[in-house]
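> attaching a predicted model along with its sequence, questions to come.
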There are 2 protein chains.
Amino acid sequence: MTFQLTDELLENITSLINLQNDRELTTLFEEYHFADIAEIIDDLTLDQATYLIKLLDSQRTSDILMELEEEVRERILDNLSAKEIAEEVEEMDSDDAADVISELPSNRVENVISQIEDEDRAKDIVELLSYEENSAGGLMAKELVRVRETWTVAGCVRKMRSQAKNVTRVHSVYVVDKHDKLIGRLSLKDLLTSDTATKISEIYIPKVDFVNVHTEAEEVARIMQKYDLEAIPVVDDLNRLVGRVTIDDILDFIRDEAEKDYQMAAGLSQDVEADDSILRHTRARLPWLVLGLLGGLGAAMIMGSFEDILENYTILFFFTPLIAAMAGNVGVQSSAIIVQGLANDDLKESLVNRLLKEMLLALLNGVILAILLLGFTYMWKGDFLTALAISLSLIIVIVVAGLVGTFVPLFLHKRDIDPAIATGPFITTSNDIFGILIYFYIAKMVLGI
Amino acid sequence: MTFQLTDELLENITSLINLQNDRELTTLFEEYHFADIAEIIDDLTLDQATYLIKLLDSQRTSDILMELEEEVRERILDNLSAKEIAEEVEEMDSDDAADVISELPSNRVENVISQIEDEDRAKDIVELLSYEENSAGGLMAKELVRVRETWTVAGCVRKMRSQAKNVTRVHSVYVVDKHDKLIGRLSLKDLLTSDTATKISEIYIPKVDFVNVHTEAEEVARIMQKYDLEAIPVVDDLNRLVGRVTIDDILDFIRDEAEKDYQMAAGLSQDVEADDSILRHTRARLPWLVLGLLGGLGAAMIMGSFEDILENYTILFFFTPLIAAMAGNVGVQSSAIIVQGLANDDLKESLVNRLLKEMLLALLNGVILAILLLGFTYMWKGDFLTALAISLSLIIVIVVAGLVGTFVPLFLHKRDIDPAIATGPFITTSNDIFGILIYFYIAKMVLGI
């Protein structure tokens, strides 16, 4: 059943487009799922892609557009008129429609909205555009099935039939009072198993999870995951039902967040994919590399300032990459634990306890590593005191690195800055410099110079 | 509406347990969602937790158990008899039941299964336990709503009512032929909007996405996300409908995978959380640190072997932490892009093209960084040739690091090893060593020594 995008298929499509063989193209694409067509279009030239989008009917292309890579979609929309975009948007779920419109250049937004024929739809989109992107309002769709508590099951099913036409998936049926205030929910299962004359007020479940339009997306994701919800209703400040967030939007949100954290940890400063241009890659990679370079220059200058001990204690200098690497690794490990804990909302201990624990942990790891280092260095050079100095410094460096790695993300989080940036080259670089500085000072102290 | 676990609440519950005030405890917990009760139990002592689990009725505790942290659940189950576990398991969805049983010590598994009263249920669990953990069979549940193509809508609704009692959420209704082979699906919406005398064969949708029991979990996740499915039916090798995978299981799978990749990138060798014990943290962190230590020792030995040029070219040694850091950073950036591309299945270019692109990219970044380094070093020491030697070496080091970072994860993936391990200290460490070695060779070459 799996769709495979082969070179032959792509060539076939390209030649059909070049021949402008619309009949055969339409027939060919009828067989495919819109997600598969999107995969094909991602691989076509802009002209070919635009040609196809204009050819296929808007009920299908609206779905296809949503599956395209954002860059490709933006370029195709650039090639469509405001009227054509409005037609696509009318076929989309309201949340997708708002997303697409928010991606448009700001001078086109108004124009496209004014071309939308269905006024209710236009109103919905304008409402959705007014919410913060990362809030329940920004994630929600207006399409949902709502019933009044005063209806009967039979009346309810009748009304639902017409509402359900606009809703891709009916997860739950929400029950409202006459002021449109959310008062409960009705599971489809209950509806299926109740007598048709029953009043909704008798069978609805008054206990319903909901969020406010201003609730942050992260909190919405946390609630939906914790309570295993596939959809959650969204209310305004007057408790009126205004929309619902579905699990697929949350899934996308969680994936994006995880990807962002991962890229941050890997030292990529912006969202970048393997197939992006070299220029885009450079923009994503260079900033952290320049920071790393500055860190390295700092380390070099610190070493330069200890040049006077170079002749007698050459070996100290040989271990600077080791010290820098260990400080960096320990720092990243500690901060990753904190970033993950913050994301999962399970950091319950106080800051002091956490730092204390991290210190003990670093001490334990540090002592084990220092013993290994001591053994190796003594065997290599036979100078016990120097080996001891290096090893003791390593312990202190590891403890400091662990504390910095724990403290920095917590501090950033307190200041409302994404703590994930602390797991990238930022902490590695600062720990490199700190580490080497501490290392030379401790070593000098132990060696009595 | 949000539940807040306060210290007062916890104290109140603890004292009620100590007083063995079962009546008040039962009343108190009636109000709470099972996910909230799980949050409370995660914070109790083992004895208190076990007391509560034995007190509350198994219909609720089965849900609570599934929400607990795995460690807590395992310890509580250790305290329950086989009979008590079997009672819990009977209340769970079959996939959860199989998961819980697979976590038991192997000598208890058979005992617990033999205590399950419902034989069909026991058979289902044994079947589920037979599949690979990371396959569709390992993820799926047996509970689903299936109808025969020969039934009418009215008959269908009647049959569905009894089936639906066992199914937490009805996503889709699957249509089978008389051999139980999957032939299509029926959306609830279609069922709601069809006449009761209509035959299922007239209204079902013959196009249905499905997976085989042996399909890998990653592929299931890819398909469900691509086609925006909230549930997917699973068939055996004879195409018979045997189960279904729901989106919440996929969500958990995706989160776990993302967390694993993240931890790998951060140098944590096993799943570890902020609140785990120091010993567990040490076990997770020490392996990569030891690897880092070995890398550092390697770097030290390489520097030692270049000791003869130390007196005249001291400055070369000052830049070794910089070289190691840049090689590490570039390597991690490149490999993270590949790991991410592999996970999202969007690496379409050939290996040669990819390496070529990475080389150009590394060359571009390298030249920019080398110019910065050249300027700085020349200003610092005033020796242009040495500055040039260091900068040229940096370019080569960056290119090699980029190529290694690209090649290694692709190679691991080909060998069916998780490429994510390449983003951790593994690539940093090897790039440290390679980097410093290359650096000294190139520098010597440029300086003519």
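Perfect, I can see it now.
> tell me where the stretch 151-300 of chain A has strands.
A:173-176, A:182-186, A:211-212, A:231-235, A:241-246 (DSSP state E, counting those that start in this stretch).
> output the residue of the stretch 301-449 of chain A whose distance to chain B is smallest.
As assessed by Cβ to the nearest Cβ, chain B sits closest to residue A:322 within the stretch 301-449 of chain A, at 2.4 Å. Quick note: C-beta positions are derived from backbone N, CA and C, even for glycine.
> count the residues that sit near the closest residue to that residue other than its chain neighbours.
Spatial nearest neighbour of residue A:322, excluding adjacent residues (Cβ to Cβ, 6 or more residues apart in numbering or on different chains): residue B:296 at 2.4 Å. A count of nearby residues for residue B:296, using other Cβ atoms under 10 Å in any protein chain shown, gives 28.
> residue A:261 too?
Count around residue A:261 with other Cβ under 10 Å applied: 26.
> contacting residues for it?
A:339, A:343, A:420, A:423, B:262 (Cβ atoms under 8 Å, 6 or more residues apart in numbering or on different chains).
> again, only using 6 Å
Going by Cβ atoms under 6 Å, 6 or more residues apart in numbering or on different chains, residue A:261 touches residue A:420.
> state the pLDDT value of it.
pLDDT for residue A:261: 83.
> ok, it to residue B:263 distance?
Distance from residue A:261 to residue B:263, counting by Cβ to Cβ, to the nearest Å: 11 Å.
> now do the shared contacts for these two.
By Cβ under 6 Å, 6+ apart, no residue touches both residue A:261 and residue B:263.
> close to chain B: what parts of the stretch 1-150 of chain A are there?
residue A:35 (Cβ under 6 Å from any Cβ of the partner chain).
> taking the stretch 1-150 of chain A, what residue is nearest to chain B?
residue A:35 (4.8 Å).
> count the residues that sit near residue A:114.
Considering only other Cβ under 10 Å, residue A:114 is surrounded by 10 other residues.
> could you list the residues of the stretch 301-449 of chain A in contact with chain B?
So far as Cβ under 6 Å from any Cβ goes, the stretch 301-449 of chain A lies against chain B at A:303-304, A:317-322, A:324-326, A:329, A:332-333, A:336-337, A:341, A:347, A:360-361, A:364-365, A:369, A:376, A:425.
> so which of those residues are in helices?
A:303-304, A:317-318, A:320-322, A:324-326, A:329, A:332-333, A:336-337, A:341, A:360-361, A:364-365, A:369, A:376, A:425 (DSSP state H).
> kindly give a single ChimeraX line that selects the buried subset of these.
With 16 or more other Cβ atoms under 10 Å in any protein chain shown as the criterion, this ChimeraX line picks the buried residues out of those:
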select /A:303,317,318,320,321,322,324,325,326,329,332,333,336,337,341,361,364,365,369,376,425
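> ok, then the element right after the helix or strand hosting residue A:11?
In this structure, residue A:11 sits in helix A:7-18 according to DSSP states H and E. Using DSSP H and E, the next helix or strand after helix A:7-18 towards the C-terminus is helix A:22-30.
> buried stuff in the helix or strand just after that following helix?
On the C-terminal side of helix A:22-30, the closest following helix or strand by DSSP H and E is helix A:34-42. By 16+ other Cβ under 10 Å, the buried positions in helix A:34-42 come out as A:34-42.
> ok, stretch A:82-102 next?
A:82, A:84-101.
> what do you get for stretch A:143-158?
Quick answer for stretch A:143-158 (16+ other Cβ under 10 Å): A:143-149, A:151-153, A:155-157.
> find the least confident helix or strand in chain A, judged by mean pLDDT.
Sorting the helices and strands of chain A by mean pLDDT, DSSP states H and E puts helix A:188-192 at the bottom, at a mean of 73.
> does any part of that one sit near chain B?
Yes: residues of helix A:188-192 are located near chain B by Cβ under 6 Å from any Cβ, namely A:188-189.
> residues in contact with the residue of the stretch 151-300 of chain A found nearest chain B?
Going by Cβ to the nearest Cβ, chain B is nearest to residue A:296 of the stretch 151-300 of chain A, at 2.4 Å. Contacts here follow Cβ under 6 Å, 6+ apart; on that basis residue A:296 touches B:321-322, B:325.
> name the nearest of the residues you listed relative to chain A.
residue B:322 (2.4 Å).
> what's the separation between the closest one and residue A:302?
Distance from residue B:322 to residue A:302, by Cβ to Cβ: 11 Å.
> ditto for residue A:75
49 Å.
> what do you get for residue A:277?
38 Å.
> looking at the two, which has the bigger crowd around it?
More crowded of residue A:277 and residue A:302, by other Cβ under 10 Å: residue A:302, with 21 against 12.
> quick one: which of the buried residues of stretch A:82-102 sit in helices?
A:82, A:84-91, A:94-101.
> compute the inter-axis angle for the host helix or strand of residue A:437 and helix B:425-447.
Using DSSP H and E, residue A:437 falls within helix A:425-447. Per axes from the mean of the first three to the mean of the last three Cα atoms, to 10 degrees, the angle that helix A:425-447 makes with helix B:425-447 is 70 degrees.
> buried sites along helix A:425-447?
A:425-440, A:442-444, A:446-447.
> wait, a helix at residue A:387?
Yes: counting by DSSP: H, G, I helix; E, B strand; the rest coil, residue A:387 falls inside a helix.
> residue contacts, it?
A:374, A:377-378.
> can you rerun that using 8 Å?
Per Cβ under 8 Å, 6+ apart, neighbours of residue A:387: A:373-374, A:377-378, A:381.
> same question for residue A:248.
Residue A:248 neighbours (Cβ under 8 Å, 6+ apart): B:228, B:230, B:247.
> how many residues are close by the first one?
Other residues near residue B:228 come to 18 when the count uses other Cβ under 10 Å.
> what do you get for the second one?
Burial of residue B:230, expressed as a neighbour count using other Cβ under 10 Å, amounts to 20.
> what count of nearby residues applies to the closest residue to it other than its chain neighbours?
With Cβ to Cβ, 6+ apart as the criterion, residue B:230 has its nearest non-adjacent residue at 4.6 Å, and that residue is residue B:247. Neighbourhood size, residue B:247 [other Cβ under 10 Å]: 24.
> and the host helix or strand of residue A:374, what does it pack onto?
Assessed by DSSP H and E, residue A:374 sits inside helix A:351-381. Where contact means 3 or more Cβ pairs under 8 Å, 6 or more residues apart in numbering or on different chains; DSSP states H and E, helix A:351-381 is packed against helix A:320-343, helix A:384-414, helix B:278-305.
> just say which of those helices is most tucked in.
The highest mean neighbour count among the helices and strands packed on helix A:351-381, using mean count of other Cβ atoms under 10 Å in any protein chain shown, belongs to helix A:320-343: a mean of 28.
> report the angle between it and helix B:320-344.
Calculated by the same axes, to 10 degrees, helix A:320-343 forms an angle of 40 degrees with helix B:320-344.
> let me know the angle separating helix A:320-343 from helix A:384-414.
30 degrees.
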